[in-house]
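Student: heads up, no residue letters with this:
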DNA sequence: AAAATCTTGGAACGATCATTTCAAGATTCC
DNA sequence: GGAATCTTGAAATGATCGTTCCAAGATTTT
């Protein structure tokens, strides 16, 4: 006998995700969310709960639909070093051009936000970090198997280095870093991994 | 004939700097600043102007007294690779232990903040980035002169890589990253630069 | 068609925000 | 010591914050 929602919650959440991604949680008001989604405050609260839950849902959506697929692709790519190269190329592309240019990575942005102390937010950050390292590690192991790495390279710690490098790219892209410069930087980092490089 | 200030502006600004550094600009209220400094709102506004100017003054103080000295030391250190090694070791130490543990770098934090669009804030970020790269480049040039680098190493782009790595360290430290892990990561990155490494 | 129940719109809540105002207090110069 | 002028404290301003409430509207089941 109940009424049904007059909107698609995930479509609305996508708008919310973009708002929080671009502007951050602290400086995005519920009013701004209502305006951007075209929804009323009542509908927002009834569907998602308060602002905390709304941000958390948006952050999790970002990870699930934007971060995770790219990392899964990286981990399962059988090419080795070229896979890592493409991962970074795509990353720089998304960060510096197109609709999301200058927005950085929502998860990186969350590191400096207010709610970073929130255990639920921390869990997303930690899970993302683990997956980023693991995917990078898997790709490096493939590269090793294919003889693309210098012999002394430790794939585990190198994965950590590349993960931090990715954070750096995401961060600097938010300050308007040049795409060409960033691409040159990651290329140099990857070239250093090659044998007699 | 005028009265003089009943407090030391720079001592107050140091408190403000710590507040903005730890909690960010958006989530630090003027009331919180007044409480932390023991000053009245009137004194704050009369001395520093509004919140924007207050944050800007704190950010510039951070750069001048915390970032710049360390970078100057790095640039002028004649040891080469060991100088870079010590820079990162000190960095990890400050970020993960002591009074400022988990605060990250105020300039890195500013990348994701609200006022990153503020031209004056952007100028501080860009100036810091330039100085970070230049200092790293100078240390790498010293290392090259001393034969500490693999022949193929391009010091300019490698400086970019190490700069992004530093950003990554700062960012992850704010999420509570382990000091030992971070030290291992930067060590691996630097070892990769050495000849036949 | 009518009853039941959820959704929606809009107003309203108290709290807190950055900022201003102004009289009272303090200090320096004459 | 008195006049001049800045600093200081505290209250007040208007705006905006997140959240709640409730009547009106919409939809499904009977």
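Tutor: Okay, I see it. Keep in mind the model is a prediction, meaning the values are calculated, not measured.

Student: Which strand or helix spans residue A:87?
Tutor: helix A:81-96 (DSSP states H and E).

Student: sec struct for the closest residue to residue A:167 other than its chain neighbours, please.
Tutor: By the measure of CB to CB, 6 or more residues apart in numbering or on different chains, the closest residue to residue A:167 outside its immediate chain neighbours is residue B:168, 4.1 Å from it. Heads up, the C-betas are built off the backbone N, CA and C, glycines and all. Here residue B:168 is helix, with the state taken from DSSP: H, G, I helix; E, B strand; the rest coil.

Student: Do any residues in stretch A:13-27 lie close to DNA strand D?
Tutor: No. Judged by CB under 7 Å from any atom of the strand, stretch A:13-27 and DNA strand D are separated, with a smallest distance of 8.0 Å.

Student: before we move on, back to that, what separation do you get for the residue nearest to residue A:167 and residue A:163?
Tutor: 7 Å (CB to CB, to the nearest Å).

Student: of these two, who's got more company?
Tutor: Between residue B:168 and residue A:163, counting by other CB atoms under 10 Å in any protein chain shown, residue B:168 is the more crowded of the two (29 against 22).

Student: Verify the stated contact: the more buried one with residue A:162.
Tutor: No. Here residue B:168 lies out of contact with residue A:162, judged by CB atoms under 8 Å, at a distance of 9.7 Å.

Student: need the contact list for residue A:68.
Tutor: By CB atoms under 8 Å, 6 or more residues apart in numbering or on different chains, the contact list for residue A:68 reads residue A:131.

Student: That one sits in which helix or strand?
Tutor: Following DSSP H and E, one finds residue A:68 within helix A:68-76.

Student: can you give me the angle that helix makes with helix A:81-96?
Tutor: 160 degrees (axes from the mean of the first three to the mean of the last three CA atoms, to 10 degrees).

Student: now helix A:68-76: mean pLDDT?
Tutor: Taken as a whole, helix A:68-76 has a mean pLDDT of 98.

Student: so where is chain A shaky, pLDDT-wise?
Tutor: A:1, A:197 (pLDDT under 70).

Student: Residue numbers of it in contact with DNA strand C?
Tutor: Checking chain A against DNA strand C by CB under 7 Å from any atom of the strand, the hits are A:1-7, A:39-43, A:46-47.

Student: and of these, the nearest to residue A:18?
Tutor: residue A:39 (14.4 Å; CB to CB).

Student: what helix or strand is that closest one on?
Tutor: Going by DSSP H and E, residue A:39 is not in any helix or strand.

Student: give the contact list for it.
Tutor: A:7, A:12, A:33.

Student: give me the element the second one is part of.
Tutor: The reference is to residue A:12. Going by DSSP H and E, residue A:12 is in helix A:9-23.

Student: Can you tell me what sits against that helix?
Tutor: A:28, A:32-33, A:36-37, A:39, A:44, A:47-48, A:54-55, A:57-59, A:61-62, A:100, A:103, A:106, A:109, B:114.

Student: State the distance from residue A:87 to residue A:76.
Tutor: Applying CB to CB to residue A:87 and residue A:76 gives a distance of 12 Å.

Student: Number of residues surrounding residue A:2?
Tutor: When neighbours are counted by other CB under 10 Å, residue A:2 registers 3.

Student: Check the secondary structure at it for me.
Tutor: Strictly by three-state DSSP, residue A:2 counts as coil.

Student: how far away is it from residue B:109?
Tutor: In terms of CB to CB, residue A:2 sits 46 Å off from residue B:109.

Student: And for residue A:87?
Tutor: 26 Å.

Student: got it, and residue A:9?
Tutor: The gap separating residue A:9 from residue B:109 is 32 Å, by CB to CB.

Student: Show me how far stretch A:68-76 is from its chain's centre.
Tutor: 12 Å (CA atoms, centre = their mean, to the nearest Å).

Student: Show me which positions of it end up buried.
Tutor: Residues A:71, A:74, A:75 are the ones in stretch A:68-76 that count as buried (16 or more other CB atoms under 10 Å in any protein chain shown).

Student: Could you pull out the helices in chain A for me?
Tutor: A:9-23, A:30-37, A:41-48, A:51-62, A:68-76, A:81-96, A:106-112, A:119-145, A:155-174, A:179-191 (DSSP state H).

Student: would TSV of those with distance to residue B:142 be doable?
Tutor: Formatted as TSV, the helices of chain A follow (distance: least, CB to CB, whole Å):
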stretch	distance to residue B:142
helix A:9-23	41
helix A:30-37	50
helix A:41-48	55
helix A:51-62	42
helix A:68-76	36
helix A:81-96	29
helix A:106-112	32
helix A:119-145	30
helix A:155-174	22
helix A:179-191	19
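
Student: between those helices, which one is nearest to residue B:173?
Tutor: helix A:106-112 (9.3 Å).

Student: need the residues of chain A near DNA strand D, please.
Tutor: Counting by CB under 7 Å from any atom of the strand, chain A sits next to DNA strand D at A:1-4, A:6, A:28-32, A:41-42, A:45, A:50-52.

Student: Filter those down to the buried ones.
Tutor: A:28, A:51.

Student: Farthest pair within the residues of chain A next to DNA strand D?
Tutor: Taking CB to CB, no two of the residues of chain A next to DNA strand D sit farther apart than A:1 and A:28, at 36.1 Å.

Student: What is the neighbour count of the closest residue to residue A:128 other than its chain neighbours?
Tutor: Leaving aside its chain neighbours, residue A:128 sits nearest to residue A:107 (5.0 Å; criterion: CB to CB, 6+ apart). Residue A:107 has 23 neighbouring residues, counting by other CB under 10 Å.

Student: distance of residue A:107 from DNA strand D?
Tutor: To DNA strand D, residue A:107 is 20 Å away according to CB to the nearest atom of the strand, to the nearest Å.

Student: wait, doesn't that residue sit right on residue A:61?
Tutor: No. The criterion here is CB under 8 Å, and residue A:107 misses it with residue A:61 at 11.6 Å.

Student: in stretch A:58-65, what counts as buried?
Tutor: A:58, A:59, A:60, A:61, A:62, A:63.
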